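S.K.: Sequence below, structure please.
(chains A, B, C, D and E, ligands or ions: 4)
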Amino acid sequence: MSLIEYAANGLVYSSIIVLGSIGLSLIYSIAGFANFAHGDTMTVGAYATLVAFGVVGSVGFSVLGLPIGFFLALLIGLAVAAAVAIVTEKLVYEPLDIGSIGLLITSIGVAFVYRALIQLGFGADSIRYDVGFVQPIEALLPYGIRMTQHDVAIVVSAAVLVAGLHTLLQHTDLGRKMRAMADNPDLARASGIRTGRVKRWSWIIGAGLAGAGGAFLGLFNVLEPRMGFSVLLVIFAAVILGGIGSVYGAMLGGFVIGMVVEMMPLLTDVGIPIGIKYANAVAFLIMVAVLLVRPTGIAGQAIGGEGV
Amino acid sequence: MSKDDVVLRVEDLQKSFGALVATDHATFEVERGTITGLIGPNGAGKSTLFNLVSGFYEPDGGTVTVNGTDVTGKEPYEVAEHGLIRTFQTPRKLEGMTVREAMLVGPRNQPGESFIKLFTDPGTVGEHERQHLADVERILEEFEIDHLATQPATDISGGQMKLVELARAMLAEPEVLLLDEPVAGVNPTLRNKLAEQIRRLNEQGTTFLLIEHDMEFVMSLADPVVVLDRGSVLTEGPPDAIQSDDQVIDAYLGGGGV
Amino acid sequence: VGTTDEEGDGNEDSDTYTIGMVDSLTGSLADFGERNQRAVDLALEHVNDVGVKGQDLDITVEDSESEAQPGVSAAQKLVNQNNVPFLIGAVGSGVSMSIYESVIQGTDVVQLSQNSTGLGLTDQPGLLRMSPSGRTQSVALADIISEDGYDEVAVTYINDEFGESLYEAFEEAYDGDVVYESSHDGEGASYTSLVSEMDSSGAEAWLCITYQQEFATMVTNMYENGYEAQLYGADSNRGDTVIENTPEGSMDGMKLVEPAAPQDQDNYQEFATAFEEEYDEAPTAWSAFAYDCVITAALSIQAADEFTGEALGEVVRDVTRPDGEEVFSYEDGHAILDDGGSASDIDYQGVSGPIDFDENGDPRGSLVVMEVQDHDYESIEFRES
Amino acid sequence: MGALTDPRGYWDDLTATEQWVTAAIGLIVLGLVLLLLTGILSPSYFLFLFGLAGMYALLSFGLNSQWGFTGLINFSVAAFFGLGAYGAALMTGSNSPIAGGYDPVFGVVVALVLAAVVAVAIGIPTLRLRTDYLAIATLGLAEVVRLIVRHESQWTNGSAGIRGIPTFFASWPVLGTFPDVMPGLEIELVPGSPIVLGYSFWQQSLNVALLLVFLGGSFAVLRRAQRSPWGRLLRTIRSDEDLAKALGKNTYSYKMQAFVLGSLIMALAGVFYAHLNLFVDPGRLDPITTFYVWVAVILGGSGSNRGALLGGFVVVAIREGSRALNDVSWLPIEGAPIRLLAIGLLIILVMRFRPQGILPPQRELIWPSAVDDAAPSRPDRGVREAKGGGSDD
Amino acid sequence: MSADHVLALDAVDSGYGEVQVLDDCTLHLDAGEIVCLIGPNGAGKSTVLKTAFGMLSPWTGSVRYHDREIGGLAPEDIVREGIGFVPQTENVFGSLTIEENLRMGGVARDDDLDPVLETLYDRFPLLDEKRSAKARNLSGGQRQVLALARALVMEPDVLLIDEPSAGLAPNTADDVFADVQEVNAMDTAILMVEQNAKKGLGISDRGYVLDQGTVRFEDEADALLDNEEVSKLYLGG
Ligand SMILES: Nc1ncnc2c1ncn2[C@@H]1O[C@H](COP(=O)(O)OP(=O)(O)OP(=O)(O)O)[C@@H](O)[C@H]1O
Ligand SMILES: Nc1ncnc2c1ncn2[C@@H]1O[C@H](COP(=O)(O)OP(=O)(O)OP(=O)(O)O)[C@@H](O)[C@H]1O
Ligand SMILES: [Mg+2]
Ligand SMILES: [Mg+2]
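M.R.: Ligands and ions are numbered 1, 2, ... in the order given. Okay, here's the model as predicted:
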């Protein structure tokens, strides 16, 4: 069992965690709370993709072992997750007049509602996309890499989405406005920033990426109502590791945590007898260890003393 | 320059933030019983110096001595235990408390701050609490904010917050009190009263180190005045001398003077 | 699902007998719970066609969320609020045990678990179960693997009471070397690392003790990584969920052991037909157990002098004991009892097998060995336990 | 002014919310008494629910002293609850792999020591962190604890759990045999629906008695602590730690004190649970418990001990009350997701319409004997209520 | 009240939650004016500005900009009307650099910001030095200057400033007052709260004295300075 093989697995899992982390981090900084419904937003994206795929069907040719219809369905799933998040924001969060912990608790309620609705609609059983099964890509096997075309599809799509986000943040004011708003909402409004709109965009981007992450998680694994919630803790670890509020930190954190979780067997190989059942535990310990050295995460902003 | 009874000695203190040198080999002493003024242009490093002295920043070099003890690099609470208390330039809000409660945090070494004593010695706790409460009532009156006593401590105006900040620090009854622009934003009438307060406390033995841009205020209160510029001490002397010092006028006072 | 009798009584004045059931309606074992409910409805239909002492039987079902604490709360409500003298429950072994220890022990309520196979239940004679202890399965698996000529095996098991106890029993019984063992979490976890570790252990035989969804994922992960091994499994890994969610041919040759429902028995056939008609899917052995729980309860009520835990406790074993006349349906049993027969005059032969609770409250059972051929299960051998 | 000596004055002295809540509680108690008397609600089931509710209240007390008093966002409630339960179970359970069979009192001691040690161990790395980082760090470490308890069966019996736990008073004179020797009573106040007081009733009564001791003790300690300078210092830290430092307070030490105190109370809840349930498994460390306790504290009103008490009871009422949904057989859909849905919606609605909680702190918290004659002990009503700030009891 | 007031508060009551602060407050600002608002701490000066700028909605009374009622509009819309605001506290984005702070000040502008920023850097060399420093790390005085500059990016017609000189060194304060005058000269009407009443009134055309939410005195700036009562009660003798 080679390092490279674990790394390949890690890359796929990381891609999913990264998508989840970016969204969580964005919402964390804009809406100002740890959104415990984020995992379930991923679930929403996955199931929406499932439904959309059922409607669109396996139309057209296939790319990377996936019918082109799947990618279409993926976009729909992403859009649905974003739409659900926007509606939730309008109906639930916006009218609230409470601090961040209150919002956090509310988001637990929202998570329950999402999950209950999905369970009502689809049952508690796990489901798979009807995209067939694939075997590892032959050409890579000699190098000790066992990756399927689906795996490649996940990594590539995630990379495209992340690159798109990067462009968006670099070439528009949105990223800066988001930061300004997170910093001081009153002053942001006084400066003329339409905070409602910025908030809405953050939700759209955050939830959309989460939706995509969920859809990939379904492809990587299976769909089931608790799927998103199960990875939420790991995503939190990634976001914290990267530093709350930093999109690029979240990418880095997601990558590191995803890799750590999937590379756990290496520890046993080098003689550290920690089973893979402790994979998440090791991820959390790494997170805490990093926080000890850098209390605001890898890319988090240092808190400048007491200020002037 | 050497002084008789030094309570605070800052020696060759250095601090940089990246390329920016905020404190540049600053050296001065504060003599017991004085009100020492600390002035200098915006960004001269005055607040940074306070942060270094009170333990909120770790200096890159140099030493801070309080009452003969070297406190360089100590935690803020340890520095405070040596009798040095500072206020913040931007006043701190205490959520979920009334103004009166927020003031009661001030006094140091309250027996009621020990969890054990709450149960072993409730009588003493109550006694001290009553005493502190009386002190709070008194000082709030003096600061003309007694009508705010039971208001939430967050729901007060900018100037009122500065007053609470100052009053609380006074309640701690430290030997040395570092005030960072105590009267910025405070109404002129009240400013005069605060000056009297400071003077009175000073007569009772508290030593002050005072940052303030209000020249009328500083010059009437402080002696000596230390001038800081670009992180190091430009000059030090009695107020008159400082006010007529060309260097100071250039760097700080500007054409308008007082 | 049954209705609650708000008065919370099950005494003879009213015209229904209400018993309780704790089932996994949600949570990791919700699969089992769903099928159980179908079987229970079917059983109630069959019972109430005939009646129990001229009255109806009703079951109040509470959800355990597949977890101990909610399970105990559910049982507390049924036993202390609804005053049921007979409690069917629960699915998970851990849940059954905690219900027994916290609620049942010290009272005279009869508890009969529908689906728990954990070894620990054997130590609690007061806790009856319809499904046989997993030990028999583990021993059989150990034998089969050895017989197939593998002296090295890699094992993974679900990390709950069920999986762990089956694994322990297997390890004890197996002659060869367990070169790799690891428990795994349920519910949507990814098993890529697990299967790659199993692969790198070098063992050619892999034993998986887990549930259907988890197993389907595992097999898919194996397939997509191109690993190959001779698979073995417990009964809990068998089912349509696995067949539907794994690639064609990916499990061929796999062997499983499971408690045998006597498929050739008429009453099983009838049960299976009725089940398929109603729900459009084949019953599992687990649903047969749930069905038998209800029938056993109904027969006990019919046989007992009064509707109390004490009275039911006295007869519940007897109605399934070999001393009496073999009956294959509630109707037949009811006929004998109604004629003045006593509990020991009948021996209910369930749709899941002969039952016959032993002194530990475990049923007798036989096992069937299945093999996956052309992506479907074929039984290849019966084994007595 | 005591409620007994001067009920009228006491009532007038309550804020509008307090009057409202008191009246509502009165009505509910009345309703429960009616249900019990008419035999609709079985006393032993009621006592069991009461025990569960009290357990949540204890957990809420613990969290309240960390979050409500000090602003520590602790997401490891379930871990300390589980440690308490395991501490007691490992010492007393019959299949304990370590040291079963000891007296439950010894179990309490071990549980508390265990909780204190782990609290310090978790506190050292995390208490220096900023609030939201603290939240996730504690959540993560709690998960580590859970995984260890789950997988290290040589110490914990793993997922098989620990059983054979005696009831708390099992080895005590008189109390040990109390449930057995008490006669089974059947009282029929309303014809046709008798009230049965049997073994489980007496057993549950003992449990509730134990609970009341735990609850009462914790409440008394917390109440005094909160109104003391110690509590005020914690609130200062919650709001502005730097300020507290500048005033010479060793904030790290105080945060640790609050963290350990809260953890001990949570562990106490765990101990109670072990002897209520007589069976403990790793599921107790599941983070969902943490979420429920948070809901309880927020629901009750952060920073208020009475609120935490109330919140604990409300959460159990929601959780167990929503069981009724399962009984609604005419609904064409499954009950269980509906129940999840109901709980979710309820959380959202409470946060929408009563975000400050049911009984938020409304009075100043100054040492009682110090304010009696100095000044009115309550701030201007309007301000406090509008903001829902402050703290109390 | 004549129609040519640029900004006018008419009989405004306002406050926070249930707490009333402004009580029948009436004042106005005419084109090209600098008006100084003084008064004791807690008088409601900041509240006046916040109400005028939409951070608080007037409970009763009207807030008019030229002839348009703007009471109840959101701040982000009021900015686009041409009013700028420098708050008393929390008036910079701490986690953004100076450059970014200034750019945020101009989000409501469609044109290229660069020339405007360059002008501002010229005017405030203090900021020019530290373009890419985080605002959080500025000294108190530096932040005060940045806060003013941020509001100026919009080149507003009306500027509301809350205590521009608080925390400024004497020479910097002089500079800022000079800047205020300069801005005013470019046709921006200015309503300014100032505790440094002598200097504040010194550069103003008119002044108001606010106490307990109500206007107590209203006069030409010089007249107010000379008013014995005002001087005694509010200017510290
Ligand atoms: N945490 C920090 N990181 C980076 N630079 C800092 C930090 N704190 C202060 N500075 C810089 O150090 C210099 C001195 O700042 P300081 O706050 O000490 O000035 P000051 O003398 O108090 O000025 P003012 O009178 O305006 O309050 C300034 O240029 C400021 O930008
Ligand atoms: N956020 C708030 N919530 C509730 N009350 C407030 C709030 N801010 C200020 N107040 C109250 O409103 C009154 C007026 O405050 P305002 O800030 O307008 O005063 P100000 O005249 O600007 O004073 P200063 O010169 O001290 O800045 C004060 O009595 C204060 O207690
Ligand atoms: Mg400063
Ligand atoms: Mg103001």
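S.K.: E:Asp30 and E:Pro156, how far apart?
M.R.: Applying Cβ to Cβ, to the nearest Å, the value for E:Asp30 to E:Pro156 is 16 Å. Where C-beta positions appear, they are placed from N, C-alpha and C, glycine not excepted.
S.K.: Who has more neighbours out of the two?
M.R.: E:Pro156 (20 against 15; other Cβ atoms under 10 Å in any protein chain shown).
S.K.: before we move on, which element is that one in?
M.R.: Assigned by DSSP states H and E, E:Pro156 falls within no helix or strand.
S.K.: and it, what does it touch?
M.R.: Contact partners of E:Pro156, counting by Cβ atoms under 8 Å, 6 or more residues apart in numbering or on different chains, are E:79, E:82-84, E:188.
S.K.: swap in D:Trp367?
M.R.: B:112, B:125-126, B:129, D:227-229.
S.K.: ok, 6 Å please
M.R.: The neighbours of D:Trp367, taking Cβ atoms under 6 Å, 6 or more residues apart in numbering or on different chains as the test, are B:126, B:129, D:227-228.
S.K.: which one is E:Val153 nearest to, not counting chain neighbours?
M.R.: E:Gly105 (3.6 Å; Cβ to Cβ, 6 or more residues apart in numbering or on different chains).
S.K.: Show me where the chain dips below the pLDDT cut-off.
M.R.: You didn't say which chain, so I picked chain A. A:1-2, A:58, A:299-308 (pLDDT under 70).
S.K.: Please refer instead to chain E.
M.R.: For chain E (pLDDT under 70), the answer is E:1-3, E:237.
S.K.: quick one: which of the contacts of E:Pro156 is nearest B:Gln247?
M.R.: Distance ranking of these against B:Gln247, using Cβ to Cβ, places E:Thr188 first at 36.0 Å.
S.K.: and that closest one, how many neighbours?
M.R.: Counted with other Cβ under 10 Å, E:Thr188 comes out at 22.
S.K.: isn't it right up against E:Leu159?
M.R.: Yes - contact criterion Cβ atoms under 6 Å: E:Thr188 and E:Leu159 qualify, at 5.4 Å.
S.K.: got the residue ranges for the strands in the chain?
M.R.: Answering for chain A, as no chain was given. Listed from the start of the chain, chain A has strands (DSSP state E) covering A:62-63, A:66-67.
S.K.: Actually, chain D is the one I wanted.
M.R.: Using DSSP E, strands in chain D cover D:162-163, D:185-190, D:193-197, D:279-280.
S.K.: what are the pairing partners of the second one, and which direction each?
M.R.: Which is strand D:185-190. strand D:193-197 (antiparallel) (DSSP bridges).
S.K.: can you pull the contacts of residue 189?
M.R.: No chain in the question, so chain A it is. A:195, E:75-76.
S.K.: actually chain D
M.R.: D:Leu37.
S.K.: next one: A:Phe284
M.R.: A:237, D:140, D:143-144.
S.K.: Let me know the closest of these to chain C.
M.R.: D:Glu143 (11.7 Å; Cβ to the nearest Cβ).
S.K.: burial of the closest one, as a residue count?
M.R.: What D:Glu143 shows, counting by other Cβ under 10 Å, is a neighbour count of 24.
S.K.: so where is the stretch 201-350 of chain D shaky, pLDDT-wise?
M.R.: D:322-336.
S.K.: which residues sit in contact with B:Val6?
M.R.: Going by Cβ under 6 Å, 6+ apart, B:Val6 touches B:29, B:31.
S.K.: can we see that at 10 Å?
M.R.: Counting by Cβ atoms under 10 Å, 6 or more residues apart in numbering or on different chains, B:Val6 touches B:28-32, B:65-68, B:207.
S.K.: export those to a markdown table and tack on neighbour count, distance to ligand 2 and secondary structure?
M.R.: Formatted as a markdown table, those follow (neighbours: other Cβ atoms under 10 Å in any protein chain shown; distance: Cβ to the nearest ligand atom, whole Å; DSSP: H, G, I helix; E, B strand; the rest coil):
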| residue | neighbour count | distance to ligand 2 | secondary structure |
| --- | --- | --- | --- |
| B:Phe28 | 22 | 32 | strand |
| B:Glu29 | 20 | 35 | strand |
| B:Val30 | 25 | 30 | strand |
| B:Glu31 | 15 | 34 | strand |
| B:Arg32 | 16 | 34 | coil |
| B:Thr65 | 18 | 37 | strand |
| B:Val66 | 26 | 33 | strand |
| B:Asn67 | 16 | 35 | coil |
| B:Gly68 | 9 | 40 | coil |
| B:Thr207 | 24 | 28 | strand |
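S.K.: Longest helix of the chain, counting residues only.
M.R.: The chain I'm using is chain A. Longest helix of chain A, by residue count under DSSP state H: helix A:3-31.
S.K.: my question was about chain B
M.R.: Assigned via DSSP H, chain B shows its longest helix as helix B:122-142.
S.K.: Next SSE downstream of that helix?
M.R.: Criterion used, DSSP H and E; the element after helix B:122-142 is helix B:158-171.
S.K.: shouldn't D:Glu266 be in contact with D:Gly87?
M.R.: Careful, residue D:266 is Met; it's not Glu. No - using Cβ atoms under 10 Å, D:Met266 is not in contact with D:Gly87; the gap is 11.6 Å.
S.K.: what residues are shared contacts of the two?
M.R.: Common neighbours of D:Met266 and D:Gly87 (Cβ under 10 Å, 6+ apart) are D:Ala115.
S.K.: Report the central residue of chain E.
M.R.: E:Ile161 (1.5 Å; Cα atoms, centre = their mean).
S.K.: Past the helix or strand that one falls within, which element shows up next along the chain?
M.R.: Element membership for E:Ile161, per DSSP H and E: strand E:158-162. Moving toward the C-terminus from strand E:158-162, the next helix or strand (DSSP H and E) is helix E:170-185.
S.K.: what about dumping the CA coordinates of the very next helix or strand once past that next one to PDB?
M.R.: Remark: after helix E:170-185, the chain's next helix or strand is strand E:189-193, criterion DSSP H and E. C-alpha atoms of strand E:189-193 as PDB (Å, rounded to 0.1, in the frame of the first residue of the first chain):
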ATOM      1  CA  ALA E 189     -22.500  71.600   4.000                       C
ATOM      2  CA  ILE E 190     -21.200  70.200   7.300                       C
ATOM      3  CA  LEU E 191     -22.900  69.300  10.500                       C
ATOM      4  CA  MET E 192     -20.400  68.600  13.200                       C
ATOM      5  CA  VAL E 193     -20.500  67.400  16.800                       C
END
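S.K.: Check whether the following helix or strand past strand E:189-193 comes into contact with chain B.
M.R.: Tracing the chain C-terminally past strand E:189-193 and defining elements by DSSP H and E, one meets helix E:197-202 next. Yes - using Cβ under 10 Å from any Cβ of the partner chain, helix E:197-202 reaches chain B at E:197-199, E:202.
S.K.: how about residue 251, what does it touch?
M.R.: The chain I'm using is chain A. Per Cβ under 10 Å, 6+ apart, neighbours of A:Met251: A:14, A:17-19, A:21-22, A:25, A:162, A:165-166, A:238, A:242, A:299.
S.K.: Oops, wrong one, chain D.
M.R.: B:75-77, D:70, D:127-128, D:233-234, D:236-237, D:240-245.
S.K.: Please state the offset of whichever helix in chain C runs longest from the chain centre?
M.R.: The helix spanning the most residues in chain C, taking DSSP H as the definition, is helix C:30-50. On the basis of Cα atoms, centre = their mean, to the nearest Å, helix C:30-50 sits 14 Å off its chain's mean C-alpha point.
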